[in-house]
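Novice: What follows is a predicted structure for the sequence shown.
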Amino acid sequence: MAQVALKGVNKSFGNVHVIRDVDLQIDDGEFAVFVGPSGCGKSTLLRLIAGLETISSGEISIADRAVMDLPPSKRGIAMVFQSYALYPHMTVFHNMAFSLDLQGFSKAEIHERVEAAAKILQMEHLLDRKPAALSGGQRQRVAIGRAIVRNPDVFLFDEPLSNLDAALRHDTRVEIAKLHNQLGATTIYVTHDQVEAMTLADKIVVLKDGEVMQVGAPMELFNFPANEFVAGFLGSPKMNFFDGVLTGGANTDQGGFHGEGLTADGVRLVGKTKAIGDSVRLGIRPQHLTMDPSGQLKGRATLVENLGTETVIDLTSDNGTSFRFASPESLDVKTGQEVSFSFDPATAHIF
Amino acid sequence: MGSIRPAIAGNGLAIALTVIFVLPVTAILAYVVTTPLDGWMVQFGTWLHETNSWSFSLFDTEERFAKIGFALRSIVIAVGISFLYFWLTNWLNQGLARYSSKGSWGRESYIVEAIQPWIFVGPALVLLLLFLFIPAFSTLSLSFQEADGTRTVRNYAFIWDPDSLGYEQFRYAMRNSVMWLVLVPTVCISLGLLIAVLADSVRWGIVAKTLIFVPMAISFVGAAVIWRNIFAGGGIQPQEAINGLTPSYQIGLLKAMLGHTAAYNEPLYSLKFWGNFFLMWILVWVQTGFAMVIFSAALRGVPEDTIEAAKIDGANPFQMFFRIKLPQIFSTVVVVWTTLVILVLKMFDIPYALSANDDDKLLLATMMENARNNWSVGGDNVENLFAAIAVMLMVTVIPNMVYNAMRIRREQKEMGH
């Protein structure tokens, strides 16, 4: 059963077309992450689902109900804002109780539900405080608590972690994952951080300029990116790209590549419309390069970053193309040193 | 830093003494040096007088232009002296600090920063002391004196003694003041909020807001005169002209529209008891724009995401306003309320311009002026009686002050200071 379904959704602000023909299905209990660079329309898409913006054309349904004409409160959603959006004049308890109060729940039931949510989030001791007296992480919890008490069909998170410091961000991310397992509710989560996307999602939706680039499970997107944008966006450090031409395998899914001194056959070929001789790009992840004195890819190291868990080397090839190499080992490479690499064509892609 | 105190005190004293000596001398010099300007103004006036052949006497023209010249000089000199004050004190402060700090940069900036606030606050403190605190205390002291200087509470007899001067009027003034204090701020704030909210949701809101704000620029007397023409008696019957200046009949727009005839010729603001509300309306008309503008700005400051969160939580427009927006701008409401309360307590012009002689329209301020004009005949220490009324006026401000002080303290405590 599709919990959230979008059909041909478009949104324009005046002349600016920010969401273009988005079709999407998110299943019951699924954790979907919208990811993309800033300005790609991911937050707008979330706000369209929430009902904070009206769609220009298309259909949105939540729990098999068309919701385009329903106000946000009737759509069965709850939202956690980037800035938390807590009501500054209310205590934590009243922040969480507000929606229940508006729905006319009895005092006893409100108490029961707020306390249950507070218990899940381990913040019973904060209920009497006002938001100004809370830390960033605590405010985040309250914002999530406010969503939980409504017991919605769908949770919407709008970049909820971007105002937290790195350590707290990790902890909260783990907690959100746990919470999702515990509640099992359908969740849509917007982020520009691919680590959050990779770690949290059952399904990642990559967006660019208001268009869906690819939808799929994290590892599917990582291993089989549908286009150069997705390949470059997911994975850290970014995938390396080399310009060249297609030398074989047109109309199949295995192609040959030649360019920038590199030759490879049996590489995963994306897009079946390419003909032999068309200019294409070869993509290789930095992790998929191997140091090999007889390798065909040569470069001069321009920057060596030892991160402890990983070594990342920035290099420039003979024809001036920059690329990166990442290795889990700590390497003894000096800036300026010439290094050669080989790669397994099976891990590369042609776009 | 114990040894730095004498340096600060010494520098401060040196600056104060310099200012007390230099500024008046400069001002006097400036006036003396620029005196010929008045003569030039007079010459200019005479020339204008002759070329335009003005009808009044040449002497009048000369006197007026001499005054204009003096006024212009005063404006320039006063601004110049203020500028000189800040430049001089700052220069002295820096220079003296460098001299007395003996080369230690930390000491120098410490001394400069210790004195600097007083340079800015000093003139205001002196003015407050001279023109507010000293008069207030001498008023307080006067109010407890007989004409011959002996101590008494007899001046306050109007509070409890039905036979004393002003007993009746004081009761009216208190009753009216309370009505004004309750109604005017309440109506202004309600209307201001309503308009601020509604005007934001229509396209021509900015025009509406401008129109409502315009009366702010009209003086209270001006507003009183405008509304007199609307509230005036409705008859078209000629009234007795006074000095040939008062129009021989009143317009009375409101009454004319209501179709009242000469038989009901009493202006609405003169009605017994109900007249008060017409007077209040004038102040509401003037001040609603003020409340509206402040609330409009405050409402814009309410974070958009809390409004969106409330939308998702299911708040309807009413709940949105009363439970989300209003609480967030509550401190602004209190500030506006305080401003209006103080304004009402000071209110003098509107009732004085329209119904100065009606006892039942009196406010404390008009009561004092009424007493000064009308009661001086029989009483032996009426001066001191005015002082007592003025003290009552001050006393009425106290609850407002206490409330505000408590609120500020509570807010600071909540913020964890």
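Specialist: Here it is on my side, so go on. What you are looking at is a predicted structure, and each value in this text was computed from that prediction instead of being measured.

Novice: Just the pLDDT for the residue in the stretch 251-351 of chain A that chain B sits nearest to.
Specialist: Per CB to the nearest CB, A:Leu307 is where the stretch 251-351 of chain A lies closest to chain B, at 35.9 Å. In short, each C-beta sits where N, CA and C put it, glycine included. Per-residue pLDDT puts A:Leu307 at 86.

Novice: how much space is there between it and A:Ala116?
Specialist: Counting by CB to CB, to the nearest Å, the gap from A:Leu307 to A:Ala116 is 42 Å.

Novice: More neighbours: those two, which one.
Specialist: A:Ala116 (13 against 9; other CB atoms under 10 Å in any protein chain shown).

Novice: Now the more buried one. Nearest residue, chain neighbours left out?
Specialist: Excluding its sequence neighbours, the residue lying closest to A:Ala116 (CB to CB, 6 or more residues apart in numbering or on different chains) is A:Val149, at 7.9 Å.

Novice: Just say helix, strand or coil for whichever residue of the stretch 151-300 of chain A sits closest to chain B.
Specialist: Chain B sits closest to A:Leu156 of the stretch 151-300 of chain A, with a gap of 8.6 Å, by CB to the nearest CB. Following DSSP: H, G, I helix; E, B strand; the rest coil, we place A:Leu156 in the strand state.

Novice: Mind giving me the packing neighbours of the strand or helix carrying B:Thr18?
Specialist: B:Thr18 is part of helix B:4-34 when elements are defined by DSSP states H and E. Contact analysis of helix B:4-34 by 3 or more CB pairs under 8 Å, 6 or more residues apart in numbering or on different chains; DSSP states H and E lists helix B:58-100, helix B:105-128 as its packing neighbours.

Novice: Could you give the separation of the last one from the chain centroid?
Specialist: Centroid displacement of helix B:105-128 relative to its chain, using CA atoms, centre = their mean, to the nearest Å, is 29 Å.

Novice: The helix or strand just after that helix: which residues count as buried?
Specialist: Per DSSP H and E, helix B:105-128 leads on to helix B:134-143 as the next helix or strand towards the C-terminus. Neighbour-count burial for helix B:134-143, counted by 16 or more other CB atoms under 10 Å in any protein chain shown, picks out B:139, B:142-143.

Novice: From those residues, pick out the ones that also neighbour chain A.
Specialist: Checked against chain A using CB under 8 Å from any CB of the partner chain, these give no members in range.

Novice: so what pLDDT did residue 247 get?
Specialist: No chain was given, so I picked chain A. If you check A:Thr247, the pLDDT there is 88.

Novice: meant chain B, my bad for not saying
Specialist: 49.

Novice: who's in contact with stretch A:112-124?
Specialist: Here stretch A:112-124 makes contact (CB atoms under 8 Å, 6 or more residues apart in numbering or on different chains) with A:92-93, A:96-97, A:100, A:105, A:126-127, A:138, A:141-142, A:144-145, A:148-149, A:151, A:179, A:182.

Novice: In it, which of the residues would be classed as buried?
Specialist: A:113-114, A:117-118, A:120-121, A:123.

Novice: Repeat that for stretch A:233-245.
Specialist: Applying 16+ other CB under 10 Å to stretch A:233-245 flags A:233-235, A:237-242, A:244 as buried.

Novice: residues touching the closest residue to chain A within the stretch 151-300 of chain B, list them.
Specialist: Of all residues in the stretch 151-300 of chain B, B:Ala298 sits closest to chain A, at 13.4 Å by CB to the nearest CB. B:Ala298 sits next to B:329, B:332 when contact means CB under 8 Å, 6+ apart.

Novice: So for residue 308, what's the nearest residue that isn't a sequence neighbour?
Specialist: In the absence of a named chain, chain A is used. With CB to CB, 6+ apart as the criterion, A:Gly308 has its nearest non-adjacent residue at 7.8 Å, and that residue is A:Ser330.

Novice: That was the other one, I meant chain B.
Specialist: A:Leu52 (5.4 Å).

Novice: Helix or strand next in line after the strand or helix carrying A:Thr316, which one?
Specialist: Taking DSSP H and E as the definition, A:Thr316 sits inside strand A:311-317. Following strand A:311-317 in sequence order, the next helix or strand is strand A:322-327 (DSSP H and E).

Novice: Give me every residue in chain A lying close to chain B.
Specialist: Chain A comes close to chain B at residues A:50-52, A:71-74, A:77-79, A:81-83, A:85-90, A:98-99, A:102-103, A:130, A:132-133, A:146, A:150, as judged by CB under 8 Å from any CB.

Novice: quick one: contacts for A:Asp101?
Specialist: A:Asp101 makes contact with A:Ile110, according to CB under 8 Å, 6+ apart.

Novice: and the gap between it and B:Thr34?
Specialist: Separation of A:Asp101 from B:Thr34 (CB to CB): 71 Å.

Novice: now swap in A:Lys11 and tell me
Specialist: 69 Å.

Novice: Pick out whichever of the two has more residues nearby.
Specialist: A side-by-side neighbour count of A:Lys11 and B:Thr34, using other CB under 10 Å, places A:Lys11 first with 22 against 16.
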